[in-house]
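**Q** have a look; sequence and predicted model below, questions after that.
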Amino acid sequence: QVQLVESGGGLVQPGGSLRLSCAASGSIFSINAMGWYRQAPGKQRELVASITSGGSTHYADSVKGRFTISRANASNTAYLQMNSLRFEDTAVYYCTTGGIGITGRMAWVDNWGQGTQVTVSS
């Protein structure tokens with residue numbers, strides 16, 4: 001089992017930036033891909049970005065060019081740098097581990113973090 005702990009959420013104005021971090025512990029040898037999902041009030045949870053152990057990335061169209069996912073395998077940490085934030089980016093963001101499908105994006109989730117709130121408001 002892998003435990004995931006997110007940090008870095010908060011309140012930011014439109015156009016601002018935040019950096020989310022996710023620290024993994026436990027059975028880290030089993031980690032393949034890592035990703036970030038988000039869920040806004042009244043909406044379904046959606047994949048924001050994912051990254052393989054080799055560093056290949058995938059992004060949702062809505063965040064391409066604004067968000068950057070990265071990971072430090074040595075420290076078992078994943079990051080999500082979020083720039084040019086918009087009102088519609090407001091959501092709870094969840095760190096995940098899982099596997100990559102043939103489309104190159106995270107296709108299944110093995111572990112979820114507890115989530116961190118990101119609120120974009122003026």
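**A** Structure received. Residues are numbered from 1 along each chain as shown.
**Q** ok, the closest residue to Thr116 other than its chain neighbours - how many residues close by?
**A** Nearest non-adjacent residue to Thr116, counting by C-beta to C-beta, 6 or more residues apart in numbering: Gly9, 3.4 Å away. No exception for glycine: its C-beta is placed from N, CA and C like everyone else's. Neighbour count for Gly9, taken as other C-beta atoms under 10 Å: 19.
**Q** and Gly9, what does it touch?
**A** Leu18, Leu20, Tyr93, Thr116, Gln117, Val118 (C-beta atoms under 8 Å, 6 or more residues apart in numbering).
**Q** ok, 10 Å please
**A** 18-21, 82, 91-93, 115-119 (C-beta atoms under 10 Å, 6 or more residues apart in numbering).
**Q** list the buried ones in stretch 33-45?
**A** Ala33, Met34, Gly35, Trp36, Tyr37, Arg38 (16 or more other C-beta atoms under 10 Å).
**Q** equivalent analysis for stretch 54-61, please.
**A** So stretch 54-61, judged by 16+ other C-beta under 10 Å, has buried residues Thr57, His58, Tyr59, Ala60.
**Q** let's see which of the residues you listed end up in strands.
**A** Members of the buried residues of stretch 54-61 lying in strands (criterion: DSSP state E): Thr57, His58, Tyr59.
**Q** quickly list what the residue positioned nearest the centre of the chain is bridged to.
**A** Centroid-nearest residue in the chain, with C-alpha atoms, centre = their mean: Trp36, separated by 2.1 Å. Trp36 has the following beta-bridge partners by DSSP bridges: Ala49, Cys95.
**Q** what of Trp108?
**A** With DSSP bridges as the criterion, Trp108 is bridged to Gly99.
**Q** export the buried residues of stretch 54-61 to JSON lines and append columns for distance to Arg71 and pLDDT.
**A** Shown next, in JSON lines, are the buried residues of stretch 54-61 (distance: C-beta to C-beta, whole Å; pLDDT from 0 to 100):
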{"residue": "Thr57", "distance to Arg71": "10", "pLDDT": "96"}
{"residue": "His58", "distance to Arg71": "13", "pLDDT": "97"}
{"residue": "Tyr59", "distance to Arg71": "14", "pLDDT": "97"}
{"residue": "Ala60", "distance to Arg71": "18", "pLDDT": "97"}
